[in-house]
Structures are given as C-alpha cells and as structure tokens.
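*Asks:* Structure for this input, please:
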Amino acid sequence: MASSEDVNVRICGQEIIKYDLEIKALIQDIIDCPGPLSALTEFNSQVKEKLNKLRLRIQDLEQMAQEQDTEPNRLSILAETESQRRQMLSNQTAWRKANLACKLAIDNTEKDELLHGGETLGTRQRKVTKESLVESSSSITESLMSISRMMSEQVKQSEDAIGTLATSSRTVQETNEEFKSMTGTIHLGRKLILKYNRRELTDKLLIFLALALFFATVLYILKKRLLPFI
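*Replies:* Alright, predicted model coming up:
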C-alpha cells in the first residue's frame, strides 16, 4: 500500500504535467493568434498565471524530495525536479519566440492595411499598444533570466549534495575499515585471554601437585621418624 508521501508526490507530478501541457497549448494559441494585441495580451496573462503555478508545484516537489526517508527516493525525485525545471525553461523560451512571431505577424498586417487603405483608427490604436507588447517581451526576458539564475543555483546545490554524499561514503568506508580493525583486535584479545586462562589453570594444577607431593613427603618423613618399626 502506497504511503501518503508517495501519493502526494504522484499528485504533484500529475499537476506539473497538467500545467506544462496547458502552457504548451497557450503558446500554440499565441503562435496562431492573428491579432489584435488585446488577444495576445490575454494569452500572455494566462501563460504567466500557469507558469507561476507550475513554478510553485516544482518547488513543492523539491521540498517533498528533501523529506524522503531513503536516499534513492530523494535523488530520484530531485532528478525529476531538475527535469521539470529544464522543461519550464524551454517553455519560457518558446513563449518568448511565439510572442516575437505574433508581433511580427501583427506588424505585417498593419503594413498591409497601410498599403491598401491608409492608416485607420484601429491601426493607430494598435500602434499605441505596441509599447505594452514591448513591456511584455521585456517581462518575459526578465523571467527567463530569473529562471536561468534559479537553475544555476539548483545545479550548485546538486553539486554540493553530490559532494556531501561522496564525503559520507568515504566516512562510511573508513568507519567500516576501523570496525574490521577493531574486530581483529577483539579476536586477538579473546585468544590471549583464553590462553592466559588455560595457563592459569595449568599453574594452579602444578601448584596443587607440588603441594600434594610436599605434604606426602612430610608425612613419609614423620612416619619414618615417629614410627620407625611400622
């Protein structure tokens, strides 16, 4: 039966995949968008919202990785987290390219309208809103830079974690060697103790025999002196 932690990790992963697919669909909508700029702005607003939710769920997944009881599970979930961050960065890049392509298409449409009928009121209004599109592109660029910095920090943290694991592994190996050395010393001490115990028993037996021989000799001498004719 799966633990509650495993269930939470699975649910978080499913939500990340859902947001990723929704962002990809919105990016395709931006690519196909013929205008006006208000429609593009609406699509960009939705993408930002989905990206924020995706970023939060990725952070949740990373936190769940740190709370795992076993090291293999922790490393596996961290690897999945890094993969999802790279996918999010790819979506950010695709979003920026889609915006540039849509802007180019809208600009071409405006040029065609100028060539065929002069500058209409709608065209002037779209020119006014170009500044908002530039601001949107700038915001996307800043978001990409933020994601890039975050990825660099995560890579450094992963390197530190790997270094810590390597140090822990060496420590365990050294401890194991010390344990083997101590085990050999204990076995040697046990043999020495057994040897000394056997020698003590032998010494006691020899002392007993010597005392018995001594008392027998004394009794023999007393017998010869006190009862010489017996």
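*Asks:* Give me the spatial nearest neighbour of the spatially most central residue of the chain, chain neighbours excluded.
*Replies:* Of all residues in the chain, the one closest to the mean position by Cα atoms, centre = their mean is Leu78, 3.6 Å from it. Distance criterion Cβ to Cβ, 6 or more residues apart in numbering; nearest residue to Leu78, sequence neighbours excluded, is Ala65 at 4.7 Å. Bear in mind the C-beta positions are built from the backbone N, C-alpha and C, glycine included.
*Asks:* Which of the helices or strands spans that neighbour?
*Replies:* helix 37-66 (DSSP states H and E).
*Asks:* where along the chain do the helices fall?
*Replies:* For the chain, applying DSSP state H gives helices covering 4-32, 37-66, 71-117, 121-128, 130-226.
*Asks:* Quick check: the closest residue to Phe43 other than its chain neighbours vs Leu114, distance?
*Replies:* Nearest residue to Phe43, sequence neighbours excluded (Cβ to Cβ, 6+ apart): Ile30, at 4.9 Å. Using Cβ to Cβ, to the nearest Å, Ile30 is found at 24 Å from Leu114.
*Asks:* residue contacts, the residue nearest to Leu78?
*Replies:* Asn73, Arg74, Ile77, Leu78, Thr81 (Cβ atoms under 8 Å, 6 or more residues apart in numbering).
*Asks:* could you redo the last one with a cut-off of 7 Å?
*Replies:* Arg74, Ile77, Leu78, Thr81 (Cβ atoms under 7 Å, 6 or more residues apart in numbering).
*Asks:* For Lys191, state which of those residues is nearest.
*Replies:* Arg74 (44.6 Å; Cβ to Cβ).
*Asks:* now that closest one: how far from Glu49?
*Replies:* On the measure of Cβ to Cβ, Arg74 and Glu49 end up 31 Å apart.
*Asks:* cool, Lys224 as well?
*Replies:* Taken as Cβ to Cβ, the spacing of Lys224 relative to Glu49 amounts to 122 Å.
*Asks:* Now do Gln46, the pLDDT please.
*Replies:* The model reports Gln46 with a pLDDT of 93.
*Asks:* right, I mislabeled it, should have said Thr141
*Replies:* With respect to pLDDT, Thr141 has a value of 68.
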